[in-house]
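Asker: Got a predicted structure plus its sequence, pasted below:
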Amino acid sequence: GFWILSIAEALQNAMARQRLVSGVVLGLVGATCIMSLGTLFVGPRPAGSSSKVIRYNVGLHPSQMFPGGAATATAPPPTPMNNAAGRKPRMPPIPMPFGDVSVDMTMMRFSHFVPRLYNFCRGLGMTKGRIMPSIGFCADENQGFPIITITKHFGAYPFTHGYIGGIMALDRHGPHSHHGDDFVIIHAPHVGYDPDSEKYGIYRRRQMADPHHSMSTCCGKVAGTLAPYVDAYEKALGRISVREAKDGVVLLNIGNSLLNEEEDDLGIALNFDRLLEPEALENPLLLQSTSVVYIASKEFTDLYRSIKTQPSNASPGGQGSQVLGDLDASGVAWRSLKDPSLKQLLNKDFFSFKKTADDLPGEANRFERTLVPHMPFILTHPAAPEFTAALIIMQAEFDRGVHSIVTSDAYKNRNCMLISGLNIDVAPPGNDLEAFPQTMFLPWAAYVQLEDGSQRVIEQDALVSLLHKQPLENKDALDVERGFAALSTHQMKRIVFHNTRDDKMDEVRVV
């Protein structure tokens with residue numbers, strides 16, 4: 001089986017692979033902190049437990065992950081990893097601020113994820129009919145079908161821990177904990193995906209008749225938050241141009257509005273220490289009517305030359321270069337950074353936004369406040385900005401959610417799981433109005449605590465493997481259609497109104 005490694009083993013393997021192991025979780029709660037790759041144990045330690053780092057085989061049944069801690073397993077035994085068995089990912093993980101995210105051979109249909117999750121919870125000792133689910137979803141209507149799926153498999157409409165955009169409402173642990181005996185919180189920001197155009201960030205709204213407007217942003221909260229930053233970045237690209245002089249020196253032509261605080265209309269701060277050669281800002285090469293020419297730093301020069309050697313499909317001069325493409329006195333053309341082949345020159349290390357998290361106080365601004373420090377990363381990432389931003393919300397809110405549960409008394413001595421991932425909403429076809437929209441789930445991480453006080457964080461690789469080993473069949477699932485039919489056919493209970501003045505019970509008649 002695939003083993004979760006201890007820190008020493010993880011570092012040894014990392015050096016062998018010459019790569020940094022990321023995503024190690026630190027816990028500083030209670031009397032104990034034992035750290036390993038993919039597992040967290042925080043105290044107080046259960047009686048009789050070892051002081052060694054606990055390792056577990058992800059091929060084990062979930063109840064065996066917590067030695068002496070979980071109740072006898074009542075879910076069916078694990079099955080092979082279905083079509084994932086023996087197959088290796090073809091895409092490398094995506095580097096992200098809170099750890100690399102694997103997308104290949106990790107995501108699954110939401111309709112497969114939920115029964116697997118239910119069986120996982122049952123294997124941890126959670127009781128049939130006593131598990132109260134909750135969701136940390138956006139308010140978008142395309143999240144309705146995942147919610148119906150959760151209701152079917154867990155036997156209860158989920159409580160809600162979610163705000164728009166996938167921000168978690170962490171002040172709701174108390175009410176949630178009074179609605180059941182065992183608890184699972186499913187947190188998932190979402191992003192739309194159109195299979196026809198193969199683009200992220202859009203989704204077909206079938207309730208809109210106009211075909212020109214039926215394809216809209218998804219998640220709209222993400223798109224709306226990113227829009228002013230995307231606009232500012234695109235405008236900044238148009239105000240910077242580059243060329244290599246005949247003597248081989250790389251020059252940057254920067255518009256005055258990016259240099260003068262009083263003329264700044266974009267809120268972008270260039271990192272001149274990395275863009276320009278030392279002391280170049282105070283000693284420009286040339287002052288012009290609307291811009292200033294500087295000698296580029298070695299870091300920028302090396303990046304520019306590496307890009308020049310790559311093949312480009314861009315048209316000569318690039319987009320928006322009709323002015324900046326004019327020849328200067330030496331006969332060499334300037335090239336705007338809006339040229340698609342040069343756009344990556346203004347990467348995340350060369351600029352930042354002047355707006356900071358301190359400028360966005362309060363819970364209503366939490367979404368933007370979470371993204372602002374990572375905005376240069378989002379805008380320059382190879383993936384779609386909407387997809388990248390949703391992943392950051394996923395990672396940041398899981399970290400915040402784990403801390404809130406660990407420090408709360410709401411779930412103390414209760415079985416509880418928080419699982420985070422990304423809902424990918426595949427746009428339904430335009431010619432089939434009855435087709436259910438398909439949602440894919442990309443698992444990220446899970447936090448599990450049991451009633452004996454033992455706690456774990458399960459990292460992505462281990463979580464995906466554990467889920468794949470759970471049966472797709474859920475024998476406890478509700479027959480939703482039968483349940484709806486019963487609402488119309490079963491005899492209705494009497495509803496009365498208590499008149500406290502006369503101390504009489506009046507029956508309410510139903511039309």
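Answerer: Received, thanks.

Asker: Chain neighbours aside, what residue packs nearest to Lys298?
Answerer: Excluding its sequence neighbours, the residue lying closest to Lys298 (C-beta to C-beta, 6 or more residues apart in numbering) is Glu277, at 7.3 Å. The C-beta positions use only the backbone N, C-alpha and C, and glycine is treated the same way.

Asker: surely that neighbour meets Glu299?
Answerer: No: Glu277 lies out of contact with Glu299 (C-beta atoms under 8 Å); the separation is 9.8 Å.

Asker: Looking at those two, which is more packed in?
Answerer: Glu277 (19 against 15; other C-beta atoms under 10 Å).

Asker: give the contact list for that one.
Answerer: 294-298 (C-beta atoms under 8 Å, 6 or more residues apart in numbering).

Asker: Quick one: those as JSON lines, columns for neighbour count, pLDDT and distance to Val480 too.
Answerer: Putting the contacts of Glu277 into JSON lines (neighbours: other C-beta atoms under 10 Å; pLDDT from 0 to 100; distance: C-beta to C-beta, whole Å) gives the following:
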{"residue": "Tyr294", "neighbour count": "22", "pLDDT": "96", "distance to Val480": "66"}
{"residue": "Ile295", "neighbour count": "18", "pLDDT": "96", "distance to Val480": "68"}
{"residue": "Ala296", "neighbour count": "21", "pLDDT": "96", "distance to Val480": "63"}
{"residue": "Ser297", "neighbour count": "21", "pLDDT": "96", "distance to Val480": "62"}
{"residue": "Lys298", "neighbour count": "11", "pLDDT": "96", "distance to Val480": "64"}
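
Asker: Next step: the residues you listed restricted to strands.
Answerer: Judged by DSSP state E, these include 294-295 as members of strands.

Asker: could I get the contacts of Glu277 as a markdown table with distance to Ile131?
Answerer: What follows is the contacts of Glu277, written out as a markdown table (distance: C-beta to C-beta, whole Å):
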| residue | distance to Ile131 |
| --- | --- |
| Tyr294 | 62 |
| Ile295 | 64 |
| Ala296 | 59 |
| Ser297 | 57 |
| Lys298 | 59 |
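
Asker: From Ala269, how far off is Asp479?
Answerer: Remark: distance between Asp479 and Ala269 (C-beta to C-beta, to the nearest Å) = 59 Å.

Asker: Looking at those two, which is more packed in?
Answerer: Comparing Asp479 with Ala269 by neighbour count (other C-beta under 10 Å), the higher total belongs to Ala269, at 13 against 10.

Asker: Quick check: which element contains the more buried one?
Answerer: Assigned by DSSP states H and E, Ala269 belongs to strand 268-270.

Asker: What's the mean pLDDT across that strand?
Answerer: What strand 268-270 shows for mean pLDDT is 95.

Asker: same for it, what does it pack against?
Answerer: Other elements packing on strand 268-270 under the criterion 3 or more C-beta pairs under 8 Å, 6 or more residues apart in numbering; DSSP states H and E are helix 220-238, strand 351-353.

Asker: Neighbouring strands of the shortest one in the sheet, and parallel or not?
Answerer: Looking at strand 351-353 with DSSP bridges, its paired strands and their directions are strand 268-270 (antiparallel).

Asker: hey, where'd the strands end up in the stretch 51-200 of the chain?
Answerer: 108-109, 131-136, 159-160, 182-187, 190-194, 199-200 (DSSP state E, counting those that start in this stretch).

Asker: CA-only coordinates of the longest helix along the chain, as CSV, when you get a sec.
Answerer: If you go by DSSP state H, the chain has its longest helix at helix 385-406. Provided in CSV are the C-alpha atoms of helix 385-406 (Å, rounded to 0.1, in the frame of the first residue of the first chain):
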residue,chain,number,x,y,z
PRO,A,385,-7.6,33.2,-13.0
GLU,A,386,-11.1,32.0,-11.9
PHE,A,387,-9.8,28.5,-11.4
THR,A,388,-6.6,29.6,-9.5
ALA,A,389,-8.6,32.0,-7.2
ALA,A,390,-11.1,29.3,-6.3
LEU,A,391,-8.2,26.9,-5.4
ILE,A,392,-6.8,29.6,-3.1
ILE,A,393,-10.1,30.1,-1.4
MET,A,394,-10.4,26.3,-1.0
GLN,A,395,-7.0,26.1,0.6
ALA,A,396,-7.2,29.2,2.8
GLU,A,397,-10.7,28.4,4.2
PHE,A,398,-9.8,24.8,5.0
ASP,A,399,-6.9,26.0,7.1
ARG,A,400,-9.2,28.5,8.8
GLY,A,401,-11.9,25.9,9.3
VAL,A,402,-9.6,23.4,10.9
HIS,A,403,-8.3,26.0,13.4
SER,A,404,-11.9,27.0,14.3
ILE,A,405,-13.0,23.5,14.9
VAL,A,406,-10.0,22.6,17.0
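
Asker: Buried ones in it, by neighbour count?
Answerer: By 16 or more other C-beta atoms under 10 Å, the buried positions in helix 385-406 come out as 385-402, 404-406.

Asker: That one: what's the following helix or strand?
Answerer: For helix 385-406, the following helix or strand on the C-terminal side (DSSP H and E) is strand 416-426.

Asker: Just want the angle from the very next helix or strand once past that following strand to helix 385-406.
Answerer: The C-terminal neighbour of strand 416-426 among helices and strands, as given by DSSP H and E, is strand 438-449. Per axes from the mean of the first three to the mean of the last three C-alpha atoms, to 10 degrees, the angle that strand 438-449 makes with helix 385-406 is 30 degrees.

Asker: Give me the next element, helix or strand, following strand 438-449.
Answerer: Strand 438-449 is succeeded, C-terminally, by strand 455-458 (DSSP H and E).

Asker: Can you list the strands that that following strand pairs with?
Answerer: Those paired with strand 455-458 in the sheet (DSSP bridges) are strand 438-449 (antiparallel).

Asker: OK, contacts around the nearest residue to Lys128 once chain neighbours are set aside?
Answerer: Once flanking residues are discounted, Lys128 sits nearest to Asp476: 5.3 Å by C-beta to C-beta, 6+ apart. Contact analysis of Asp476 by C-beta under 8 Å, 6+ apart lists 118, 122, 128-129, 153, 155.

Asker: Distance of Asp476 relative to His179?
Answerer: The spacing between Asp476 and His179, counted by C-beta to C-beta, is 18 Å.

Asker: Same question for Asn253.
Answerer: 62 Å.

Asker: Counting neighbours around each, name which of these two comes out higher.
Answerer: The residue with more neighbours, out of Asn253 and His179, is Asn253; 22 against 12, by other C-beta under 10 Å.

Asker: For this protein, name the helix or strand with the lowest mean pLDDT.
Answerer: strand 33-36 (a mean of 32; mean pLDDT, DSSP states H and E).

Asker: Near the residue lying closest to Leu342 once chain neighbours are set aside, how many other residues are there?
Answerer: Spatial nearest neighbour of Leu342, chain neighbours left out: Arg335 (6.0 Å); criterion: C-beta to C-beta, 6+ apart. By the criterion of other C-beta under 10 Å, Arg335 has 24 neighbours.

Asker: for Lys235, same thing?
Answerer: Counted with other C-beta under 10 Å, Lys235 comes out at 16.

Asker: Looks like Asp425 contacts Tyr193 (just checking).
Answerer: Yes: applying C-beta under 8 Å, one finds Asp425 in contact with Tyr193, separated by 6.6 Å.

Asker: If anything else comes up later, I'll come back, but that's it for now.
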